[in-house]
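In: sequence unavailable; structure follows:
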Ligand SMILES: *Cc1c(COP(=O)(O)O)cnc(C)c1O
């Protein structure tokens, strides 16, 4: 795994000091970013997909199975499957297939089978059901590869361990760069994999930890996906956590400008850290996120993913409220995938 990380994935990814942005904020607080956008395929997801596919190979499986919503997990897994010479079946709702044409093309070019799911609303939930059903039928030859720190044990633990490379690297690099630990670390939380990856390196340190959830259009149910902030305990998709539920106790409809964050729950370990009070889960809305997207692009020459822009927006607010110190942000992915959408919906700010 270590050799693959180095020779194929391009790890370790660097930490960049955002000097111009920090100066502009002007409180003296220094912001740094862990550059998961420079990971092969442009986001942190390959960290767990390479681990999952290596495990499949080790177990003698011939195929990996997964669902995908926006297509990011599908592309990362298709990449890992190509690397290891495994078959790859990606289940995807018909509506998502239409919306995410570039990612569908990527998966197909990488040799994956993209299987269209036409049940129900034809989006992520139906794709999850179809992938589970396929796995139940093919478990002898195939393994299911989940896309975040979700699902039944051991998936949340496995994905955390594969993502922990981010926190292990970041802690060492940050100390080497500055001679000390950061005062605060920040990551966006959808399912929670990039966040737990960073957090796991710092849980035993005197460091304030912030998980940032999408407030979307506002606090009304259906307008956001801030499950840890506004949700309650429940069970879905094989795990117990904190989640957003409708009046019947079913997973509620959620919304975020970032398609990678619109999930009605987060991994069980985040619920645990939330209840312990070790991590503070807070929110930023769509507008603050889009502002941060442009601010980081203009001030630093880094175009962030909309998901990651949530963490950047929060770090900018935090830097204004702190008098001194340093903040390390997990820049979970690059924003190439989001540019057309942002220009169409928001124009150039
Ligand atoms: C998928 C994705 C996320 C959200 O997933 P987590 O499991 O919460 O990390 C965040 N950032 C990027 C760039 C993504 O592609």
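Out: Nice, thanks for sending it over. Predicted model, so just to flag it, every value in this text is computed and none were measured.
In: make it CA atoms for all contacts and neighbour counts henceforth
Out: Noted.
In: okay, and the closest residue to residue 38 other than its chain neighbours sits in which element?
Out: In space, residue 38 comes closest to residue 13 once its chain neighbours are excluded; the distance is 6.3 Å by CA to CA, 6 or more residues apart in numbering. Assignment of secondary structure by DSSP states H and E places residue 13 within no helix or strand.
In: do you have the helices of the protein handy? List them.
Out: 2-4, 19-25, 45-58, 72-84, 94-99, 101-109, 124-138, 155-178, 193-199, 227-230, 268-276, 286-300, 306-321, 339-346 (DSSP state H).
In: what parts of the stretch 101-250 of the chain come near the ligand?
Out: 148, 189-195 (CA under 6 Å from any ligand atom).
In: hmm, 8 Å instead?
Out: Where proximity means CA under 8 Å from any ligand atom, the interface of the stretch 101-250 of the chain facing the ligand comprises 147-149, 188-196.
In: quick check: the farthest pair among those residues?
Out: Among those, the pair separated by the greatest distance (CA to CA) is 147 and 188, at 15.3 Å.
In: average model confidence for stretch 130-149?
Out: Summarised as a single mean, pLDDT over stretch 130-149 is 96.
In: sorry, slip of the keys, the one I care about is stretch 205-218.
Out: In this model, stretch 205-218 carries a mean pLDDT of 98.
In: how about it: buried residues?
Out: Of the residues in stretch 205-218, those scored as buried under the neighbour-count criterion (16 or more other CA atoms under 10 Å) are 207-218.
In: can you pull the contacts of the closest residue to the ligand within the stretch 201-349 of the chain?
Out: When CA to the nearest ligand atom is the measure, the stretch 201-349 of the chain has its nearest residue to the ligand at residue 333, with 3.6 Å between them. Residue 333 is in contact with 35-38, 42-44, 304-305, 307-308, counting by CA atoms under 8 Å, 6 or more residues apart in numbering.
In: just the buried residues of these.
Out: Buried, going by 16+ other CA under 10 Å: 35-38, 42-44, 304-305, 307-308, out of the contacts of residue 333.
In: circling back: out of the residues of the stretch 101-250 of the chain next to the ligand, who's nearest residue 65?
Out: The shortest approach to residue 65 among those belongs to residue 147, at 10.9 Å (CA to CA).
In: and the closest residue to the closest one other than its chain neighbours, how far from residue 146?
Out: Spatial nearest neighbour of residue 147, chain neighbours left out: residue 73 (5.7 Å); criterion: CA to CA, 6+ apart. Residue 73 sits 8 Å away from residue 146, taking CA to CA, to the nearest Å as the criterion.
In: measure the closest residue to residue 266 other than its chain neighbours to residue 51 for me?
Out: Beyond its immediate neighbours in the sequence, the residue positioned closest to residue 266 (CA to CA, 6+ apart) is residue 191, lying 4.4 Å away. The spacing between residue 191 and residue 51, counted by CA to CA, is 18 Å.
In: which one of those two has more residues nearby?
Out: For residue 191 against residue 51, the residue with the higher neighbour count under other CA atoms under 10 Å is residue 191, and the figures read 26 against 21.
In: tell me if I'm right that that one and residue 263 touch.
Out: Yes - the criterion here is CA atoms under 8 Å, and residue 191 meets it with residue 263 at 6.7 Å.
In: number of residues surrounding residue 227?
Out: Other residues lying near residue 227 total 29 when counted by other CA under 10 Å.
In: just the pLDDT for it.
Out: So, for residue 227, pLDDT stands at 98.
In: quickly list what's touching both of residue 191 and residue 263.
Out: When contacts are counted by CA under 8 Å, 6+ apart, residue 191 and residue 263 are jointly contacted by no residue.
In: and residue 265, what does it touch?
Out: Listed by CA under 8 Å, 6+ apart, the contact partners of residue 265 are 190-191, 225, 227-228, 231, 241-244.
In: please redo it, this time with the cut-off set to 7 Å
Out: In this structure, residue 265 makes contact with 191, 227, 242-244, judged by CA atoms under 7 Å, 6 or more residues apart in numbering.
In: now distance to residue 325 too, for those residues, in a markdown table please.
Out: A markdown table is the format used below for these (distance: CA to CA, whole Å):
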| residue | distance to residue 325 |
| --- | --- |
| 191 | 29 |
| 227 | 29 |
| 242 | 32 |
| 243 | 34 |
| 244 | 35 |
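In: out of those residues, list just those in strands.
Out: 242-243 (DSSP state E).
In: of the contacts of residue 265, closest to residue 179?
Out: Of all the contacts of residue 265, the one with the least separation from residue 179 (CA to CA) is residue 191, at 32.3 Å.
In: ramachandran angles for that closest one?
Out: Geometry field for residue 191 lists phi and psi as phi -70, psi -30, criterion degrees, to the nearest 10.
In: mind checking how far the residue of the stretch 1-150 of the chain found nearest the ligand is from residue 72?
Out: When distances are taken as CA to the nearest ligand atom, the stretch 1-150 of the chain reaches nearest to the ligand at residue 148, 4.3 Å away. Applying CA to CA, the value for residue 148 to residue 72 is 11 Å.
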